[in-house]
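Trainee: Here is my input; please provide its structure:
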Amino acid sequence: MPEAKALPATVVFFSLAEFGARPVAEQAQLKESLEGALASAIEPLPAAARIVVDTRDGAAVVLLDGPVAALDVGDRVRAAAPGVPLSIGINHGPVKLAPNGAHGPTLFGDGLAAGASIAAYAKPGATLVSRSFRDALAERAPDRADSLRSAGAFTDAAIRSHDVFAPGRKAGVFRRRRQFVFGALGATGMLAAGVVVRRARLRAAAEARTPAVVALAITPGGEIQVDGRMHGMSPPLKTLELAPGRHTIVVNTGDHEPLTTRVDLAPGERFTLRHDFPPPPPPPVTAETTPVDAAPAPAPVEPKKPKSPTKAATKKQPPRGRNVKEDFRQAGREMRDFFRGLVR
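Mentor: Predicted structure coming up:
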């Protein structure tokens, strides 16, 4: 990929004093006030001749047509944002545009770095410009360049010395001094992270804070682990709110191999983790265990008791071989005796 070409430009850098020490709500209010003032200040300029970028503690306007309008832009922003503690630094130098930065189009270069250093050095309510800006302005508008008076010099975090000038100030207002104005969050580190168009950055920052939602549809259920941290059983757990980015989700049932899912979630994304574990296998049948479908063992049968003999069975039976005629005779005799008893 060819290296971006450096272009000479004038940078008007706006720094909000003590921005990092203020509450978040106040920071947002100051940024909105600065944004509104910038919108009205750059309206007279052609859209193709300026670029508005956002920084950690303010904003900047990059003018591609030269330094003549820079002082006017600074004055218009300050007039449109009364009460906003602005320090303005103006520099003229090379800038580069990287169209595919980590957060979109990114500007970088010595022109921006020096402008940020000068704005950080200026006191709230003051405007300071670099020597390179004064020299560039002298070629286009000598009268305006003559109105700039020396305001001393300082040394930035990169051990570079800057001669600065102030509009309408007398020479010697500031003593020459050596000062580190940035530190760990100085111009070099800030610009290395890139500056992007304000609205796009604010929108991206808001979206980046939106958590992703993972819906859980695990059957019959399992223990949920995300990035090595336990989150509970699902069910009853139905959803997870996770920070955007990569995560490893593990579902463990104890009866099967754990389910491992790796996801890369976007801000606000909704993702459904669905899995059906097979039912656990039945327990093995042992010698002591009776199968469910086996026939029951027959009940023991008690022996029948012998029946007691009846009266009919115990009645004296006539001996075998008795004469039949004798039976009839005996019966006749009995009948005769019966009738004789009646006659008497």
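
Trainee: Could I get the average pLDDT for stretch 151-159?
Mentor: Stretch 151-159 comes out with an average pLDDT of 81.

Trainee: now swap in stretch 40-53 and tell me
Mentor: Averaging pLDDT along stretch 40-53 yields 88.

Trainee: tell me how far the ends of that stretch are from each other?
Mentor: 15 Å (C-alpha to C-alpha, to the nearest Å).

Trainee: now that stretch, how far from the centre of its chain.
Mentor: Put simply, stretch 40-53 sits 36 Å off its chain's centre (C-alpha atoms, centre = their mean, to the nearest Å).

Trainee: And stretch 126-134, by the same measure?
Mentor: Counting by C-alpha atoms, centre = their mean, stretch 126-134 is centred 44 Å from the centre of its parent chain.

Trainee: Please list the outside residues in contact with that stretch.
Mentor: With C-beta atoms under 8 Å, 6 or more residues apart in numbering as the test, stretch 126-134 has contacts from 10, 67, 70-71, 74, 78, 87-93, 114-115, 118-119, 121-122, 145, 148, 151, 162-167. Glycine gets a C-beta too; all of them are placed from N, C-alpha and C.

Trainee: Mind checking which of these are buried?
Mentor: Neighbour-count burial within the contacts of stretch 126-134 applies to 10, 67, 70-71, 74, 78, 87-93, 114-115, 118-119, 121-122, 145, 148, 151, 162, 164-167; the criterion is 16 or more other C-beta atoms under 10 Å.

Trainee: Show me the helices in the chain, by range?
Mentor: With DSSP state H, the ranges of helices along the chain come out as 24-41, 70-80, 110-121, 131-140, 142-146, 187-193, 198-208, 311-314, 324-343.

Trainee: Flag every buried residue along the fifth one.
Mentor: In terms of neighbour count (16+ other C-beta under 10 Å), helix 142-146 has its buried residues at 144, 145.

Trainee: let's have the chain start at 62 instead
Mentor: Sure, I'll start counting at 62 from here, so that last one is helix 203-207.

Trainee: list the helices and strands it packs on?
Mentor: Secondary-structure packing of helix 203-207 (3 or more C-beta pairs under 8 Å, 6 or more residues apart in numbering; DSSP states H and E): helix 192-201.

Trainee: any idea of the pLDDT on residue 317?
Mentor: With respect to pLDDT, residue 317 scores 82.

Trainee: Identify the residue spatially nearest to it, adjacent ones excluded.
Mentor: Closest residue in space to residue 317, ignoring its immediate chain neighbours: residue 338 at 5.4 Å, by C-beta to C-beta, 6 or more residues apart in numbering.

Trainee: what sits against the one you found?
Mentor: Residue 338 sits next to 279, 280, 281, 283, 314, 316, 317, 320 when contact means C-beta under 8 Å, 6+ apart.

Trainee: and the closest residue in space to residue 311 that isn't next to it in sequence, what are its bridge partners?
Mentor: Ranked by C-beta to C-beta, 6+ apart and with sequence neighbours excluded, the top spatial neighbour of residue 311 is residue 286, at 4.3 Å. In this entry, residue 286 is beta-bridged to residue 291, residue 311, by DSSP bridges.

Trainee: In this structure residue 286 contacts residue 313, no?
Mentor: Yes - at 6.8 Å, residue 286 counts as touching residue 313 under the criterion of C-beta atoms under 8 Å.

Trainee: returning to what we had before: tell me the phi and psi of the residue nearest to residue 317?
Mentor: With angles defined as degrees, to the nearest 10, residue 338 sits at phi -80, psi 140.

Trainee: neighbouring contacts of stretch 133-145?
Mentor: 73, 75, 77, 91, 94-95, 97-99, 101-103, 106, 122, 124, 147, 149, 151, 186, 188.

Trainee: and with 7 Å instead?
Mentor: 73, 75, 91, 94-95, 98-99, 101-103, 122, 147, 149, 151, 188 (C-beta atoms under 7 Å, 6 or more residues apart in numbering).

Trainee: between these, which is nearest residue 394?
Mentor: Comparing the contacts of stretch 133-145 against residue 394 with C-beta to C-beta places residue 91 closest, at 152.3 Å.

Trainee: How much space separates the nearest residue to that closest one once chain neighbours are set aside from residue 317?
Mentor: With C-beta to C-beta, 6+ apart as the criterion, residue 91 has its nearest non-adjacent residue at 5.3 Å, and that residue is residue 77. Note on residue 77: its distance to residue 317, by C-beta to C-beta, to the nearest Å, is 58 Å.

Trainee: Mind checking which of these two has more residues around it?
Mentor: Taking neighbours as other C-beta atoms under 10 Å, residue 77 and residue 317 compare with residue 77 leading, 24 against 12.
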